[in-house]
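J.: Provide a 3D model corresponding to the input given below.
(one chain, ligands or ions: 2)
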Amino acid sequence: MNPTTVVTKEIQQALAMKKAIVALESAVITHGLPAPHNLETAQAMERIVRENGAIPGTTALINGRVKLGLTPDELASIAAPDAKTVKISSRDFGYAMAKQLNGGTTVAGTLTIAASAGVKVFATGGIGGVHRGMTQDVSNDLFTLASAPVVVVCSGAKAILDLPATLETLETYGVPVVGYRTDELPAFYSRSSGLKVGITADTPQMVAEIAQAHWEMGLRSGVVVAQPIPEGDEIPKENLEMVIERAINDAEAQQLQGAALTPYLLARVSNYTKGASLKANLALLRNNAELAARIAVALAQMSTMRAPIT
Ligand code: PSU
Ligand code: MN
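T.: Residues are numbered from 1 along each chain as shown. Ligands and ions are numbered 1, 2, ... in the order given. Here you go, the predicted structure:
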């Protein structure tokens, strides 16, 4: 275990006893969702993970300390509307630690912490990916997925991205993308994207077996599990495309780039959809927390039955 990460007692014990643990990110709390939805959803995700038999470990930086598992006060402090937080992807750790900053960890940041602690499952909304247009903006999430042996439960990549290019990049990095009860990559707010993923699993057990076999091969990448948003909560793709294009135009007009781009686009889409996209985002996050917990339980059961990987 990485000695700089502060791990709660509960998670330390769970790691030692090989119990089911689900890592949860915090960039979605600090940069992805507006208050008070951010804190409510973070708390709900932790509760749902517990209700489904696993222990939640939200990751974040608190005063420059890397945390796996937050106290209720720490969670509330980074979610506060006036909280000063930075967005922590892989490259941001050193700076934020040295400057004793508070930070919300992205998928890449959370994967870094989870992999170093030996946590095998992580729930989020959507992974980052390749941005649209002739851009060099490819999320560090994809690169980090290439070397973090963690199951990432998500609803695909955000619809604001170039989804075909994102899938191709995952293929280049050797990251399997498993459709959960679907053969298509979900498009975050919508259940389908028209893009086939090639691997489908219908049960948490099957996901656990795929991931375990992948790692037993000596492969060290993550496994993306893409679960469509629940039917009642989805926004049909046709209704979204124009809104996304408007949001991207707005961003271009403001010459927005880099880490600020994703949060800006999500907020614009939420504005233009009068909050419907926000409601969808909250629903899929909860749903992914549940599936992640069930996969973590299945993996934990398998690891007590099989010899550990050496
Ligand atoms: N999905 C959401 N909301 C978010 C994000 C994803 O529904 O806020 C965050 C995740 O933390 C993801 C990050 O890792 O956006 C990607 O940002 P970038 O494109 O700058 O790498
Ligand atoms: Mn980016």
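J.: any idea how far ligand 1 is from the residue nearest to I62 when sequence neighbours are not counted?
T.: Nearest residue to I62, sequence neighbours excluded (C-beta to C-beta, 6 or more residues apart in numbering): E74, at 5.4 Å. The C-beta positions use only the backbone N, C-alpha and C, and glycine is treated the same way. Going from E74 to ligand 1 by C-beta to the nearest ligand atom, to the nearest Å gives 18 Å.
J.: do G198 as well
T.: Separation of G198 from ligand 1 (C-beta to the nearest ligand atom): 23 Å.
J.: coming back round to it: who are the packing partners of the helix or strand hosting the residue nearest to I62?
T.: Using DSSP states H and E, E74 falls within helix 72-79. Where contact means 3 or more C-beta pairs under 8 Å, 6 or more residues apart in numbering; DSSP states H and E, helix 72-79 is packed against helix 37-51, strand 55-62.
J.: what about the shortest one and ligand 1, any contact?
T.: I take that to be strand 55-62. No - between strand 55-62 and ligand 1, judged by C-beta under 6 Å from any ligand atom, nothing touches; the nearest distance is 10.8 Å.
J.: for the helix or strand just after that strand, which strands pair with it and how are they oriented?
T.: Where DSSP H and E defines the elements, the next helix or strand beyond strand 55-62 is strand 65-68. Sheet partners assigned to strand 65-68 using DSSP bridges are listed as strand 5-7 (parallel), strand 55-62 (antiparallel).
J.: between those, which one is nearest to ligand 2?
T.: Each of the strands paired with strand 65-68 has some distance to ligand 2 by C-beta to the ion; the shortest is strand 55-62, at 18.9 Å.
J.: tell me the angle that closest one makes with helix 72-79.
T.: 50 degrees (axes from the mean of the first three to the mean of the last three C-alpha atoms, to 10 degrees).
J.: and the stretch 151-300 of the chain, which of its residues are near ligand 2?
T.: For the stretch 151-300 of the chain, no residue is in contact with ligand 2 (C-beta under 5 Å from the ion).
J.: for the stretch 151-300 of the chain, which residue gets nearest to ligand 1?
T.: Relative to ligand 1, the nearest point of the stretch 151-300 of the chain is T262 (3.8 Å; C-beta to the nearest ligand atom).
J.: list the contacts for that residue?
T.: T262 is in contact with H31, G32, G128, S139, K158, I160, counting by C-beta atoms under 8 Å, 6 or more residues apart in numbering.
J.: residue contacts, the nearest residue in space to G194 that is not next to it in sequence?
T.: In this structure, G194 finds its nearest non-sequential neighbour in E184, 6.8 Å apart by C-beta to C-beta, 6+ apart. Going by C-beta under 8 Å, 6+ apart, E184 touches S192, S193, G194, L195, K196, V197.
J.: of the residues you listed, closest to A16?
T.: V197 (35.3 Å; C-beta to C-beta).
J.: wait, doesn't the closest one sit right on V177?
T.: Yes - assessed by C-beta atoms under 8 Å, V197 is found in contact with V177 at 4.7 Å.
J.: mutual contacts of the two, please.
T.: With C-beta under 8 Å, 6+ apart as the test, V197 and V177 both reach L167, L185, A226.
J.: from what I can see the second one touches T200, true?
T.: No - L185 is not in contact with T200 according to C-beta under 8 Å; the separation is 11.4 Å.
J.: comparing the two, which residue is more hemmed in?
T.: Between L185 and T200, counting by other C-beta atoms under 10 Å, L185 is the more crowded of the two (26 against 14).
J.: give me the phi and psi angles of the more buried one.
T.: Backbone torsions for L185, taken as degrees, to the nearest 10, come to phi -70, psi 120.
J.: near ligand 1, which residues of the stretch 201-310 of the chain?
T.: When proximity is defined as C-beta under 6 Å from any ligand atom, the stretch 201-310 of the chain approaches ligand 1 at A259, T262, L266, N281.
J.: roughly how far apart are the first one and L33?
T.: Noted for A259: a distance of 16 Å to L33, by C-beta to C-beta, to the nearest Å.
J.: show me how far stretch 38-53 is from its chain's centre.
T.: Centroid separation for stretch 38-53 versus its chain: 14 Å, with C-alpha atoms, centre = their mean, to the nearest Å.
J.: please apply the same query to stretch 284-295.
T.: On C-alpha atoms, centre = their mean, the centre of stretch 284-295 falls 11 Å from that of its chain.
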